[in-house]
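Student: Below: sequence and its predicted model.
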Amino acid sequence: MKTPPVESTAATPKSSSFAGDVFKLVSGTTIAQGLMVLASPFLARLYTPEDFGTLAIYLSITSIVGVIACLRYELAIMLPESDEEAANLLAVSLGFSLIVTCLTTLAIGWGGETLLGWLNAPGLKPYLWLIPVTVLLDGVFQALNYWNSRTKQFGRLSIARVTSSAATVSTQLGAGYAGYATGGSLIGANVVGKTISTAVLGEQIWRDDRATFWKAIRWQGMARGGRRYKKFPMISTWSTLLNTTSSQLPALLLSVFFSSSVVGFYSLGHRILSMPMSLIGAAIGQVFFQRAAIAKKEGTISLLVDITFRRLLMIGLFPMLLLTVIGKDFCIVVFGLNWSEAGVYIQIMSLWIFMQFISAPLASLINIFEKLEVAFFIQLFLLATRFLSLFLGGVFDSVYLTLLLFTASGVIIYGYLFIWILIISGNSFTRYIVLIGNNSLYFLPLGLLLVIMKLYKFESRDVLLVSLAIVLLYYIYSFDFLNYSFNKTRT
């Protein structure tokens with residue numbers, strides 16, 4: 001029997017501004033990241049680069065599998081007009097996450113030790129059993145996250161992120177000060193944080209939306225949704241797998257060609273550079289996805305992309321250029337002299353991360369326009385060029401050459417993605433290239449001042465203090481424009 005349409009009983013908040021929704025996500029993420037930032041200097045002195053390298057290798061493995069746990073059906077949750085269809089897609093996503101977890105368990109039991117031999121990471125052997133657990137948590141959280149975005153309850157996600165960060169940091173610090181400062185403690189703390197955040201988000205969604213789920217979710221509805229959005233598992237799964245594999249490739253191949261210490265330096269450097277992405281870029285991208293699904297129907301995609309890009313540019317360009325100059329000084333002051341090498345990695349990789357920062361939040365247009373084939377070929381080329389750059393650097397036994405080639409490949413691919421996004425949204429990319437160049441001029445006086453200070457061998461602490469003061473002035477000056485830009489998209 002055909003299931004009758006169900007009137008949504010999901011909690012639907014009043015219309016809110018783009019800025020308000022971003023603020024809800026950013027505020028929670030800011031607190032969560034703030035806890036990590038405050039704890040980082042202590043963790044860097046408790047744990048060794050090898051310990052962080054072990055964690056990075058573990059997260060690389062789980063991220064590659066976990067990101068496709070739902071076979072990308074979680075992306076389709078945002079697209080249907082009815083909450084009934086979306087609820088069935090949520091059920092499909094959760095079902096596949098369980099299936100993928102079972103398959104992961106079998107794969108780890110059969111070939112886990114062989115994998116660790118290839119990666120030169122025997123220290124991970126005691127923690128192989130946690131890989132399927134993490135995959136399940138990642139899959140469930142992704143599905144709940146997109147349902148949460150659909151209902152615009154962004155405050156829930158903020159709460160989940162804060163509790164996750166607090167649990168992870170407290171466990172890492174507690175284990176370290178108790179004398180158990182090992183890579184295993186870092187892994188265990190990460191699993192604890194994921195478990196708590198998934199439970200918190202799931203409890204809030206179940207409390208508010210369970211009536212919708214009970215009435216709407218049917219086997220027939222799940223089958224219809226699976227067939228309607230079959231391009232997501234058939235195409236998006238592979239492009240996402242390629243993307244995640246390519247992003248995790250450095251940690252894996254650096255371990256193969258060099259050592260866990262090098263992986264640890266890379267992990268810390270990448271985390272610092274990615275902080276704007278995870279703190280603000282991801283929040284803007286998540287809200288942009290929800291707004292873009294509506295803007296496509298209203299014919300306002302071009303304006304939405306224009307304003308969103310200007311925000312990203314204003315927020316991200318200045319600090320990325322700054323870290324290109326003072327990355328080493330920053331790591332010496334904040335994390336200690338033993339981590340100065342991570343600062344050199346930051347200086348090399350900053351341009352790549354900036355290109356990712358301005359293009360990745362807008363990349364949801366690929367799903368909005370259902371151009372999944374484009375995403376697949378972009379990710380295939382990205383994986384190939386990254387592998388080649390890392391392999392060549394490893395063959396020549398040079399970490400710096402490896403990172404330089406890796407950065408160059410990232411700049412080229414994300415630059416192409418950025419241009420493609422502008423074209424498909426109806427914007428002229430040449431105007432935005434000029435805009436990036438003009439905004440770079442704001443950094444020129446500070447950059448020259450810092451270069452002079454470094455040439456005259458000023459202390460790293462003094463260089464960092466001057467940098468922080470000028471960055472603060474820059475954002476104070478930019479605040480009025482940012483506020484005006486946000487308000488232009490109030491709905």
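Tutor: Received the coordinates, thanks. Residues are numbered from 1 along each chain as shown.

Student: Give me the residue ranges of the stretch 151-300 of the chain where confidence is low.
Tutor: 154, 276-279, 286 (pLDDT under 70).

Student: what's the answer for the stretch 1-150 of the chain, then?
Tutor: Within the stretch 1-150 of the chain, the ranges that satisfy pLDDT under 70 run 1-29.

Student: Quick one: the helices in it, in order.
Tutor: Using DSSP state H, counting those that start in this stretch, the helices of the stretch 1-150 of the chain run over residues 18-46, 49-66, 73-76, 83-119, 130-150.

Student: what does the stretch 301-450 of the chain give?
Tutor: Shown for the stretch 301-450 of the chain, the helices assigned by DSSP H, counting those that start in this stretch span residues 301-335, 340-359, 365-368, 372-395, 399-424, 429-440, 444-455.

Student: In TSV, list those along with distance to Gly179, mean neighbour count and mean pLDDT.
Tutor: Bear in mind the C-beta positions are built from the backbone N, C-alpha and C, glycine included. Converted to TSV, those look like this (distance: least, CB to CB, whole Å; neighbours: other CB atoms under 10 Å; pLDDT from 0 to 100):
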stretch	distance to Gly179	mean neighbour count	mean pLDDT
helix 301-335	21	21	86
helix 340-359	25	23	90
helix 365-368	47	22	80
helix 372-395	36	18	84
helix 399-424	32	19	89
helix 429-440	48	13	81
helix 444-455	39	14	86
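
Student: do you know which of the ones you listed lies nearest Ser261?
Tutor: Of all the helices of the stretch 301-450 of the chain, helix 340-359 sits nearest to Ser261, with 8.6 Å by CB to CB.

Student: other SSEs contacting the closest one?
Tutor: Packing partners of helix 340-359 (3 or more CB pairs under 8 Å, 6 or more residues apart in numbering; DSSP states H and E): helix 260-276, helix 301-335, helix 399-424.

Student: Who are the packing partners of the shortest one?
Tutor: The one in question is helix 260-276. Against helix 260-276 (3+ CB pairs under 8 Å, 6+ apart) you get helix 18-46, helix 49-66, helix 237-257, helix 301-335, helix 340-359.

Student: Of all these, which one comes closest to Gly437?
Tutor: helix 301-335 (10.4 Å).

Student: Help me confirm that Ala56 comes into contact with Val263.
Tutor: Yes. Counting by CB atoms under 8 Å, Val263 is a contact partner of Ala56 at 5.1 Å.

Student: Let me have the helices and strands packed on helix 340-359 in TSV, extended by distance to Met222.
Tutor: Formatted as TSV, those follow (distance: least, CB to CB, whole Å):
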stretch	distance to Met222
helix 260-276	35
helix 301-335	31
helix 399-424	31
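
Student: Out of the ones you listed, the one nearest Asn148 is which?
Tutor: In terms of CB to CB, the element of these nearest to Asn148 is helix 301-335, at 20.4 Å.

Student: Quick one: closest of the helices and strands packed on helix 340-359 to Ile31.
Tutor: helix 260-276 (13.5 Å).

Student: got the CA coordinates for the helix or strand following the closest one in CSV?
Tutor: The element immediately downstream of helix 260-276 (helix or strand, assigned by DSSP states H and E) is helix 282-298. Extracted C-alpha coordinates of helix 282-298, given in CSV (Å, rounded to 0.1, in the frame of the first residue of the first chain):
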residue,chain,number,x,y,z
ALA,A,282,32.9,24.6,7.2
ALA,A,283,30.1,26.6,8.9
ILE,A,284,29.7,28.9,6.0
GLY,A,285,29.7,25.9,3.6
GLN,A,286,27.1,24.1,5.6
VAL,A,287,24.7,27.1,5.7
PHE,A,288,25.6,27.9,2.0
PHE,A,289,24.5,24.4,1.0
GLN,A,290,21.1,24.9,2.6
ARG,A,291,20.7,28.4,1.1
ALA,A,292,21.9,27.3,-2.3
ALA,A,293,19.3,24.6,-2.6
ILE,A,294,16.7,27.4,-2.3
ALA,A,295,18.6,29.9,-4.3
LYS,A,296,18.7,27.6,-7.3
LYS,A,297,14.9,27.5,-7.4
GLU,A,298,14.7,31.3,-7.0
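
Student: Can you check what angle separates helix 282-298 from helix 301-335?
Tutor: Helix 282-298 and helix 301-335 are oriented at 180 degrees to each other (axes from the mean of the first three to the mean of the last three CA atoms, to 10 degrees).

Student: Could you list the buried residues of helix 282-298?
Tutor: 282-293, 295 (16 or more other CB atoms under 10 Å).

Student: which of those sit farthest apart?
Tutor: Farthest pair in the buried residues of helix 282-298 (CB to CB) is Ala282 and Ala295. Separation: 19.4 Å.

Student: ok, the nearest residue to Tyr127 once chain neighbours are set aside to Pro49 distance?
Tutor: Excluding the flanking residues, the one nearest Tyr127 by CB to CB, 6 or more residues apart in numbering is Ile187, at 5.2 Å. Distance, Ile187 to Pro49, by CB to CB, to the nearest Å: 16 Å.

Student: Same check on Leu116?
Tutor: To Pro49, Leu116 is 19 Å away according to CB to CB.

Student: With neighbour numbers in mind, choose between these two.
Tutor: The neighbour comparison of Leu116 against Pro49 (other CB atoms under 10 Å) goes to Pro49, with 23 against 17.

Student: What lies in contact with stretch 108-119?
Tutor: Here stretch 108-119 makes contact (CB atoms under 8 Å, 6 or more residues apart in numbering) with 57, 61, 122, 124-125, 128-129, 131-132, 252, 255-256.
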